[in-house]
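Trainee: With the sequence up front, the predicted model follows.
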Amino acid sequence: VYVAGSHPSPAANYRQPFRFDFVEARVPDPESRGDAAAPVGDRRQFLTWLSRAFLGLWAVGAAAVVSAYVKPPRRGEGAAERTVRVGLLEDLPIGEGRLVRHGVTPFHVIRLDATRIVAVSAVCTHVRCILGFDRERRALICPCHDGRFDVNGNVVSGPPPRALPTYTVSVRAGEVFVHL
Amino acid sequence: VSLPPDSSPRPRAGLVEWLERRVNLTEIFSFLTHFGVVYTPVDTRQPLREEIRSIAEQRIPAFAVGPRILGLLAAILFGLQAVTGMLLAYYYRPTPETAFESTRTIVRDLPAGWFIHQMHAWGALLLIAVVVLRLLRFYWDGLYRPPREILWISVVGMAWVVLQFDFTGHLLGWEARSYWSTMRGMEVIFALPIVGPILAYLLGGRIVNEDVLIRFYILHLLVLPLFYAAFLYLSFATLRRVGFSPMPEGPGTRTTTFRAHLYTMMIISVIAFGLLVTLATLVPFHFHAKADPYSTPEAVRAPWYMLAPYGLLQGLPLPSWMTGLALVLIAFAVLLMPFWLREERNAVTGRRLRAAGIAALVVWIGLGVFGALLDRK
């Protein structure tokens, strides 16, 4: 029963300092855990379970909303961007290659001779470094681990595990298009 | 090595006790609950479970339960604003070219983006309501008198900070109406003497451009949250020191436990959250058009909390520096009220102070209505 004026001051609440003796806890014997097994009403247990289930459901809902929102959105993969205009055919001399900086799928367009043009991905299959085109060797060389590919995307040497993807090239009215 | 027999009752050996031997959990608990839950002294020398139990069993006067919900709500809503704000910041880009487009992407294209945006907007409004109600409640109950001066200052400071949160946050979407509403608000701020030029300097100039936008962004995300958290910490720290408000005399005072009090608070918090979700879903804020610095839309007003100062500045036949100076003095008079209002509080003066407070509030609301009607054609 509360009696006015007997409300303890903060200072009076101070207890003796508590100190841990630094000994690892031992396994408690079964008798000393008797208080945990005190009789508890079924209704109380049910209500506890119910409120935990409610909180759990709420947490699942919140996690679903947040994870749907946080999921990295895919950008630049629409149908309109699957055909890339590279440039005029006459600007690409025989034996030259050009890096096209197209979103997450950059690629090299290489003119092999008067009639043949290839488009090869510029992303190394090893750790996604950007490959450089070596005109003398006619090879794609990775600056990170010196992996080498030929102009058809096959692995010549080095650590890359797979061949590079290649893309279809078409020439219309003197302009080069690549279909991703 | 043989150990002396240990007869003291120990808590069950588990993760908590394992941690307790390595870090002072009660210290951490005490620090964290400074930002919101516990406003009675925490003895950090006790182990965590025992301390929580003894806090929960503390008897507190029953009348103290209801009004105290506002402090906890101010903390919970701030936490919610921090979470939703962080999620919005994942996709937001603070430049005039990209601010509107990135916000539109959040609202229109991302899954649940509209919900997070609306929760942030409505949460802000609810937070302002809670903080302002808390300020009114502190005035009503005279909780600015010694030894609660720091408490009053932190409550007033929180009210200032939430309004600045609102002001800086509105510009970030670079939406036409909020952009021009910010322009009108800047007009009010820069009319104040002394404070105006200082703020114009700090906010990046008098023209709302990319410099202002990035400063508002940093203020909104970094500077103001730090101030808000500091005020929250200060108000709970001083509550722990000075304790509950004095109890009425008499043996009939009803008491309850802190545990029961916490349950009440949890229930009210859940209701507040439900209210927030309902409002965010059913009454969403509009998000229309990108701001065009070369075209002002019709009937744009300053933000609602600036309408009263605007009314005062425009309505009085005085030079604006005089009314501006009066406004600055009023603001600081409210902040420093415990130091000049030294009247002994008894039944008579208490009634008089409450009446004065109501009169001031009515005048302020009247000025706001006047300010809102000023520019109507």
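Mentor: It's in.
Trainee: for chain A, where's the lowest mean pLDDT among helices and strands?
Mentor: strand A:83-88 (a mean of 88; mean pLDDT, DSSP states H and E).
Trainee: What are the buried residues along that strand?
Mentor: The neighbour-count check on strand A:83-88 (16 or more other C-beta atoms under 10 Å in any protein chain shown) flags A:V84, A:V86 as buried. (C-beta placed from N, C-alpha, C; glycine too.)
Trainee: same deal with stretch B:79-93?
Mentor: For stretch B:79-93, a neighbour-count test (16+ other C-beta under 10 Å) marks B:L80, B:Q81, B:V83, B:T84, B:G85, B:L87, B:L88, B:Y91, B:Y92 as buried.
Trainee: Next: stretch A:89-108.
Mentor: The neighbour-count criterion (16+ other C-beta under 10 Å) identifies A:L92, A:G97, A:R98, A:V100, A:T105, A:F107, A:H108 as the buried residues of stretch A:89-108.
Trainee: Flag the least confident of the residues you listed.
Mentor: Within the buried residues of stretch A:89-108, pLDDT reaches its minimum at A:T105, with 85.
Trainee: That one: what secondary structure?
Mentor: Assigned by DSSP: H, G, I helix; E, B strand; the rest coil, the conformation of A:T105 is coil.
Trainee: do the same with A:L99
Mentor: Following three-state DSSP, the label given to A:L99 is strand.
Trainee: Same question for the one 10 residues further on.
Mentor: Look at A:V109: counting by three-state DSSP, its state is strand.
Trainee: State the pLDDT value of the most centrally placed residue in chain A.
Mentor: The structure's chain A has its C-alpha centroid closest to A:P72; by C-alpha atoms, centre = their mean the separation is 7.7 Å. On pLDDT, A:P72 comes in at 84.
Trainee: Where in chain B is the helix or strand with the lowest mean pLDDT?
Mentor: Within chain B, judged by mean pLDDT, DSSP H and E, the helix or strand with the poorest mean is strand B:59-61; its value is a mean of 77.
Trainee: Show me where chain B has its strands.
Mentor: With DSSP state E as the criterion, chain B has strands at B:59-61, B:255-257.
Trainee: er, chain A actually
Mentor: With DSSP E, the ranges of strands along chain A come out as A:83-88, A:97-100, A:107-111, A:117-121, A:132-134, A:139-141, A:148-150, A:155-157, A:166-172, A:175-179.
Trainee: looking at those, which is closest to chain B?
Mentor: Ranking the strands of chain A by proximity to chain B (C-beta to the nearest C-beta) places strand A:83-88 first, at 23.3 Å.
Trainee: send the alpha carbons of that closest one over as CSV?
Mentor: The C-alpha trace of strand A:83-88 is given here as CSV (Å, rounded to 0.1, in the frame of the first residue of the first chain):
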residue,chain,number,x,y,z
THR,A,83,19.1,-3.1,-80.0
VAL,A,84,22.1,-0.8,-79.7
ARG,A,85,23.1,1.6,-82.4
VAL,A,86,26.9,1.5,-82.5
GLY,A,87,27.7,4.0,-85.3
LEU,A,88,28.6,4.3,-89.0
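Trainee: just for chain B, where's the confidence low?
Mentor: Residues of chain B meeting the criterion pLDDT under 70: B:1-13, B:64-66, B:244-253, B:377.
Trainee: Go again with 50.
Mentor: Within chain B, no stretch has pLDDT under 50.
Trainee: Now stretch A:170-180: buried residues?
Mentor: A:V176, A:V178, A:L180.
Trainee: So which of these is the closest to A:G87?
Mentor: A:V176 (6.1 Å; C-beta to C-beta).
Trainee: does the closest one really touch A:V109, like I thought?
Mentor: Yes: A:V176 sits in contact with A:V109 when judged by C-beta atoms under 8 Å, with a separation of 6.5 Å.
Trainee: anything in contact with each of these two?
Mentor: Common contacts of A:V176 and A:V109 (C-beta atoms under 8 Å, 6 or more residues apart in numbering or on different chains): A:V86, A:L92, A:I117, A:V169.
Trainee: Widest-spaced pair of the residues you listed?
Mentor: Across the shared contacts of A:V176 and A:V109 (C-beta to C-beta), the longest gap, 10.7 Å, separates A:L92 and A:V169.
Trainee: Give me the common contacts of these two.
Mentor: Shared contacts of A:L92 and A:V169 (C-beta under 8 Å, 6+ apart): A:V109, A:I117, A:V176.
Trainee: Any idea what the residue in the stretch 151-300 of chain B positioned nearest to chain A is bridged to?
Mentor: Of all residues in the stretch 151-300 of chain B, the one sitting closest to chain A is B:T255 (4.0 Å; C-beta to the nearest C-beta). B:T255 has these beta-bridge partners by DSSP bridges: B:P61.
Trainee: likewise A:D134?
Mentor: A:A139.
Trainee: Double-check it against A:L140; I have them as touching.
Mentor: Yes: applying C-beta under 8 Å as the test, A:D134 and A:L140 come out as touching, 7.4 Å apart.
Trainee: So for those two, which residue has more residues nearby?
Mentor: A count of neighbours by other C-beta atoms under 10 Å in any protein chain shown puts A:L140 above the other of A:D134 and A:L140, at 26 against 12.
Trainee: Surely the more buried one and A:F133 touch.
Mentor: Yes: judged on C-beta under 8 Å, A:L140 makes contact with A:F133 at a distance of 5.9 Å.
Trainee: re earlier: which among the buried residues of stretch A:170-180 are in contact with chain B?
Mentor: Among these, not one lies near chain B by C-beta under 8 Å from any C-beta of the partner chain.
Trainee: will you turn these into JSON lines that also has pLDDT and distance to B:F115?
Mentor: Shown next, in JSON lines, are these (pLDDT from 0 to 100; distance: C-beta to C-beta, whole Å):
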{"residue": "A:V176", "pLDDT": "92", "distance to B:F115": "46"}
{"residue": "A:V178", "pLDDT": "92", "distance to B:F115": "40"}
{"residue": "A:L180", "pLDDT": "83", "distance to B:F115": "34"}
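Trainee: Tabulate those residues (CSV), appending distance to B:L318.
Mentor: CSV is the format used below for the buried residues of stretch A:170-180 (distance: C-beta to C-beta, whole Å):
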residue, distance to B:L318
A:V176, 73
A:V178, 71
A:L180, 69
